[in-house]
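Asks: Sequence and computational prediction follow.
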Protein chains: 2
Amino acid sequence: MSDYQHTADEFLIWLKSQIPLINHMGFGDLVYDGQSLQMPAELAPNVNDKGTGFGGSLSTVATLCGWAMVTLYLREQGYDCDVMIRDSQLQYLAPVTGDFAAVTVLPEQSELDSFLEFMVGKGRARLNLKVEIRQGDKVAMTLSGAYVAINRNPVQG
Amino acid sequence: MSDYQHTADEFLIWLKSQIPLINHMGFGDLVYDGQSLQMPAELAPNVNDKGTGFGGSLSTVATLCGWAMVTLYLREQGYDCDVMIRDSQLQYLAPVTGDFAAVTVLPEQSELDSFLEFMVGKGRARLNLKVEIRQGDKVAMTLSGAYVAINRNPVQG
């Protein structure tokens, strides 16, 4: 098992201990390689009245996937941060009819560099991420979200 | 008990039978008067790693509240519809530190008239709603969402 995957497995256990709701959402193992994160979930606990994916569940998994990507990235860079979603735009494109996954990829290096510069200079920074809900090859929902991170151990000036 | 409130109580029982996740979110009784809907929830089952309201939970309660408002309104108008969220913009304004509620109000009559005209003419229509997550007087999150309704029993031409 890679170090990244080990980190992701431990992270999911921690998440489930911290956020009671996600113990009821049929999450599978995270897939993480340091640049991208996949958060799979079963359909059964996440259905709506039409037997398809409940919008609230899709929104939750997507929001959490982006949040987890930012949190994992910052931990790897040595930061102990509180990360929060600030705003998001969601588009529901197609019904989800089977198990699904949220998928996100870190933005390009120049954006990450700028993000970390703000962390160093201000003790807080904002990162925009795109997250997709996919069922196989189908993109069922997209989330574009701004996440704010605040350093819990800022250097005292 | 008013007819509206009786409708809302039955609706919540139906919702819980249809959407498994919402049985784990500490919902209280809906408050409904035909024009506005309040959907209260306890903080405890909806906390995050910081002990405040989990963004996924807030998003879910707000999305569901708007969806329920559209569904209840259409049932009252005599329509049997599938209602779906199409897109939404969410702004997280302040942390939620106690029990909270999603609150929404129907738009003005001219928008409702236009919505129903489309239902009659096309068998489908779109309604924009604003939903707030409130903790007491504090507005902690806003959702602006577009909901699409499709008539399940269209008149055959």
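Replies: Great, that's in hand.

Asks: Would you mark the buried spots in the top helix by length along chain A?
Replies: Taking DSSP state H as the criterion, chain A has its longest helix at helix A:55-76. For helix A:55-76, burial by neighbour count (16 or more other C-beta atoms under 10 Å in any protein chain shown) applies to A:55-74. The C-beta positions use only the backbone N, C-alpha and C, and glycine is treated the same way.

Asks: Then stretch A:148-157?
Replies: For stretch A:148-157, by 16+ other C-beta under 10 Å, it's A:148, A:149, A:151.

Asks: Any residues of chain A in contact with chain B? List them.
Replies: By the rule C-beta under 8 Å from any C-beta of the partner chain, the part of chain A lying against chain B is A:15, A:18-22, A:24-25, A:44-50, A:54-57, A:59-61, A:63-64, A:67, A:82, A:84-92, A:95.

Asks: Any quick PyMOL command for the buried ones out of the residues you listed?
Replies: This is how PyMOL selects the buried members of the residues of chain A next to chain B, with burial counted by 16+ other C-beta under 10 Å:
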select buried, chain A and resi 15+19+20+21+22+24+25+45+46+47+48+54+55+56+57+59+60+61+63+64+67+82+84+85+86+87+88+90+92+95
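
Asks: Return the subset of the residues of chain A next to chain B lying in strands.
Replies: Per DSSP state E, strands hold the following members of the residues of chain A next to chain B: A:82, A:84, A:85, A:86, A:87, A:88, A:89, A:90, A:91, A:92.

Asks: residues touching the spatially most central residue of chain A, list them.
Replies: Centroid-nearest residue in chain A, with C-alpha atoms, centre = their mean: residue A:65, separated by 1.8 Å. Applying C-beta atoms under 8 Å, 6 or more residues apart in numbering or on different chains, we find residue A:65 in contact with A:37, A:38, A:39, A:102, A:103, A:104, A:131.

Asks: hmm, try it at 10 Å
Replies: A:30, A:37-41, A:101-104, A:129, A:131-133, A:143, A:145 (C-beta atoms under 10 Å, 6 or more residues apart in numbering or on different chains).

Asks: Show me the shaky parts of chain A.
Replies: A:1, A:155-157 (pLDDT under 70).

Asks: by how many degrees do the lengthiest strand in it and strand A:81-92 diverge?
Replies: In chain A, taking DSSP E as the definition, the longest strand is strand A:138-151. Strand A:138-151 and strand A:81-92 are oriented at 160 degrees to each other (axes from the mean of the first three to the mean of the last three C-alpha atoms, to 10 degrees).

Asks: helices or strands next to strand A:138-151 in the packing?
Replies: helix A:55-76, strand A:81-92, strand A:100-105, helix A:109-122, strand A:124-135, helix B:55-76, strand B:81-92 (3 or more C-beta pairs under 10 Å, 6 or more residues apart in numbering or on different chains; DSSP states H and E).

Asks: List the buried residues for that strand?
Replies: By neighbour count with 16+ other C-beta under 10 Å, strand A:138-151 contains the buried residues A:140, A:141, A:142, A:143, A:144, A:145, A:146, A:147, A:148, A:149, A:151.

Asks: so what's the nearest residue to the last one once chain neighbours are set aside up against?
Replies: If I follow you right, that is residue A:151. In this structure, residue A:151 finds its nearest non-sequential neighbour in residue A:123, 4.4 Å apart by C-beta to C-beta, 6 or more residues apart in numbering or on different chains. Contacts for residue A:123 (C-beta under 10 Å, 6+ apart) come out as A:79, A:81, A:149, A:150, A:151, A:152, A:153, A:154, A:155, A:157.

Asks: 8 Å instead, please
Replies: Contacts of residue A:123 by C-beta under 8 Å, 6+ apart are A:150, A:151, A:154.

Asks: The first one is in contact with residue A:79, isn't it?
Replies: No - Residue A:150 is beyond contact range of residue A:79, at 9.8 Å (criterion: C-beta atoms under 8 Å).

Asks: any shared contact partners between those two?
Replies: Residues touching both residue A:150 and residue A:79 (C-beta under 8 Å, 6+ apart): none.

Asks: For stretch A:57-69, C-alpha coordinates in CSV please.
Replies: Provided in CSV are the C-alpha atoms of stretch A:57-69 (Å, rounded to 0.1, in the frame of the first residue of the first chain):
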residue,chain,number,x,y,z
SER,A,57,-26.5,13.2,-0.5
LEU,A,58,-24.8,14.2,-3.8
SER,A,59,-24.2,17.6,-2.5
THR,A,60,-22.8,16.3,0.7
VAL,A,61,-20.4,13.8,-0.9
ALA,A,62,-19.1,16.4,-3.3
THR,A,63,-18.7,19.1,-0.7
LEU,A,64,-16.9,16.7,1.6
CYS,A,65,-14.6,15.4,-1.2
GLY,A,66,-13.3,18.9,-2.0
TRP,A,67,-13.0,19.6,1.7
ALA,A,68,-11.0,16.4,2.2
MET,A,69,-8.7,17.2,-0.8
